[in-house]
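**Q** let's see this in three dimensions:
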Amino acid sequence: MQALKSDYAEFGPDLYTIAPAKTVVELDRINRWTVYHRLQALGLACDCGCDRPLSVAIDTPAAALQVWSVVQATTQSKLSLTDHLERCWQQRSLR
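**A** Have a look, this model is predicted:
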């Protein structure tokens with residue numbers, strides 16, 4: 001599943017002159033609106049219209065992580081998310 005497609009790919013090596021990156025998040029209609037509203041609640045600039053993909057302005061690593069996290073929380077099964085959380089807890093207890 002290709003969820004994120006950055007506009008940076010169109011500009012070649014001159015990446016650092018363009019900010020923020022406009023990233024298209026390809027999701028089904030229901031998940032697209034759920035993600036859109038959650039990203040707005042987090043204060044990220046995003047745009048979504050009927051029958052158009054969700055686009056998000058990502059200008060920091062934290063914003064990229066937030067987008068990834070919201071997409072994962074929305075699209076992954078509850079079992080998959082629970083397994084991931086348990087693995088994180090196990091790794092943390094090994095330190």
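
**Q** need the residues that contact the host helix or strand of residue 56.
**A** For residue 56, the enclosing helix or strand under DSSP states H and E is strand 54-58. Strand 54-58 has contacts (Cβ atoms under 8 Å, 6 or more residues apart in numbering) with 6, 20-27, 32, 35-36, 39, 44-48, 63-64, 67. Just so you know, the C-beta spots here come from the backbone N, C-alpha and C atoms, and that holds for glycine as well.

**Q** pLDDT weak spots in the protein?
**A** 1-21, 95 (pLDDT under 70).

**Q** in its sheet, which strands sit next to the strand holding residue 56, and in what direction?
**A** strand 21-25 (antiparallel), strand 46-47 (antiparallel) (DSSP bridges).

**Q** hey, which of these is tucked in deepest?
**A** strand 21-25 (a mean of 19; mean count of other Cβ atoms under 10 Å).

**Q** what's downstream of it, the next helix or strand?
**A** By DSSP H and E, the next helix or strand past strand 21-25 is helix 29-41.

**Q** re the thing from before, what angle separates the strand holding residue 56 from helix 29-41?
**A** Relative orientation of strand 54-58 and helix 29-41, computed by axes from the mean of the first three to the mean of the last three Cα atoms, to 10 degrees: 30 degrees.

**Q** packing partners for the following helix or strand past strand 54-58?
**A** Next in sequence after strand 54-58, counting helices and strands by DSSP H and E, comes helix 61-75. In terms of contacts (3 or more Cβ pairs under 8 Å, 6 or more residues apart in numbering; DSSP states H and E), helix 61-75 is packed against strand 4-6, strand 21-25, helix 29-41, strand 54-58.
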